[in-house]
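**Q** coordinates for the following, if possible.
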Amino acid sequence: MKVKQLFDEASSTYTYLLWDAKTGEAALVDSVREQVERDERIIRDMGLKLGWLLETHIHADHITGSGILRERFGSEVKVALHKASGSDCADRLLQDGDMIKLGDETITVLYTPGHTDTDVSFLIDGAVFTGDTLLINGSGRTDFQSGDAGVAYDSITGKLFTLPGSTKVYPGHDYNGRKESTIADEMASNPRLGGGRTREEYIEIMQGLKLAKPARIDEAVPGNLVCGL
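**A** A predicted model of the protein is given here:
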């Protein structure tokens with residue numbers, strides 16, 4: 001599986017283009033509506049066959065470009081969200097353990113709620129795309145939109161931290177220019193989770209955060225439930 005990491009500066013969102021090197025079958029993870037032109041150009045210039053538009057969760061900080069990209073690339077392209085979203089615009093509602101084929105390669109869906117109840121991570125050979133569930137030296141907030149700090153801890157420690165330590169971590173956001181980490185690094189040094197922090201300690205840390213309301217939440221959440229259209 002090949003990976004190309006793309007960045008939206010306004011929302012500090014990472015979008016990931018994944019493709020099978022043999023067949024050119026591709027998926028785009030966490031598109032951003034303002035970057036649709038960029039993403040379409042890259043996919044067409046590379047001669048890839050876009051098959052999937054994947055969302056790690058219902059975002060509160062940006063609006064997806066998945067609906068627009070599906071229109072531009074044709075009905076064979078499928079939008080996929082976790083079933084907890086209840087979204088009518090998705091072509092496939094994902095569950096834990098689902099597998100998405102890209103040629104000879106496979107993307108495995110890991111249900112990792114806690115930031116919201118719609119969060120999934122996408123696992124490929126040697127890497128995992130964690131959305132907002134696990135960030136580099138951090139984790140997604142749990143104080144709104146069906147968030148639950150205890151559930152988030154269970155998702156991270158019970159699923160993501162059970163992956164091989166060498167597994168690359170590709171987050172949904174970073175605000176300090178960092179592009180990737182590893183499971184081993186996050187287990188050792190993540191200030192919220194590393195060094196064997198307990199569930200109770202993590203809940204206390206997350207409850208102590210004083211974060212402003214996401215600036216675009218009122219338009220982003222309803223917009224993402226309809227694939228940004």
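**Q** in the protein, which spans are strands?
**A** Taking DSSP state E, the strands of the chain run over residues 2-8, 13-19, 25-29, 49-54, 78-82, 92-94, 99-102, 105-111, 120-124, 127-131, 134-135, 138-139, 168-171, 181-182.
**Q** mind checking which of these is nearest Ala188?
**A** Ala188 sits nearest to strand 181-182 of all these, at 9.4 Å, using Cβ to Cβ. In short, each C-beta sits where N, CA and C put it, glycine included.
**Q** show me what the closest one is packed up against.
**A** Strand 181-182 makes packing contacts with strand 168-171 when contacts are defined by 3 or more Cβ pairs under 8 Å, 6 or more residues apart in numbering; DSSP states H and E.
**Q** mean neighbour count and distance to Gly67 for the strands of the chain - can I get that in CSV?
**A** What follows is the strands of the chain, written out as CSV (neighbours: other Cβ atoms under 10 Å; distance: least, Cβ to Cβ, whole Å):
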stretch, mean neighbour count, distance to Gly67
strand 2-8, 16, 17
strand 13-19, 22, 15
strand 25-29, 24, 12
strand 49-54, 23, 8
strand 78-82, 23, 7
strand 92-94, 17, 14
strand 99-102, 17, 19
strand 105-111, 19, 20
strand 120-124, 25, 19
strand 127-131, 26, 19
strand 134-135, 26, 26
strand 138-139, 22, 28
strand 168-171, 22, 23
strand 181-182, 20, 31
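**Q** may I see those strands arranged in TSV, with mean pLDDT as well?
**A** Below are those laid out as TSV (pLDDT from 0 to 100):
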stretch	mean pLDDT
strand 2-8	98
strand 13-19	98
strand 25-29	98
strand 49-54	98
strand 78-82	98
strand 92-94	98
strand 99-102	98
strand 105-111	98
strand 120-124	99
strand 127-131	98
strand 134-135	98
strand 138-139	98
strand 168-171	98
strand 181-182	98
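**Q** in a markdown table: these, plus distance to Ile156.
**A** Listed next are the strands of the chain as a markdown table, based on distance: least, Cβ to Cβ, whole Å:
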| stretch | distance to Ile156 |
| --- | --- |
| strand 2-8 | 21 |
| strand 13-19 | 18 |
| strand 25-29 | 19 |
| strand 49-54 | 20 |
| strand 78-82 | 17 |
| strand 92-94 | 19 |
| strand 99-102 | 22 |
| strand 105-111 | 11 |
| strand 120-124 | 10 |
| strand 127-131 | 9 |
| strand 134-135 | 5 |
| strand 138-139 | 7 |
| strand 168-171 | 11 |
| strand 181-182 | 13 |
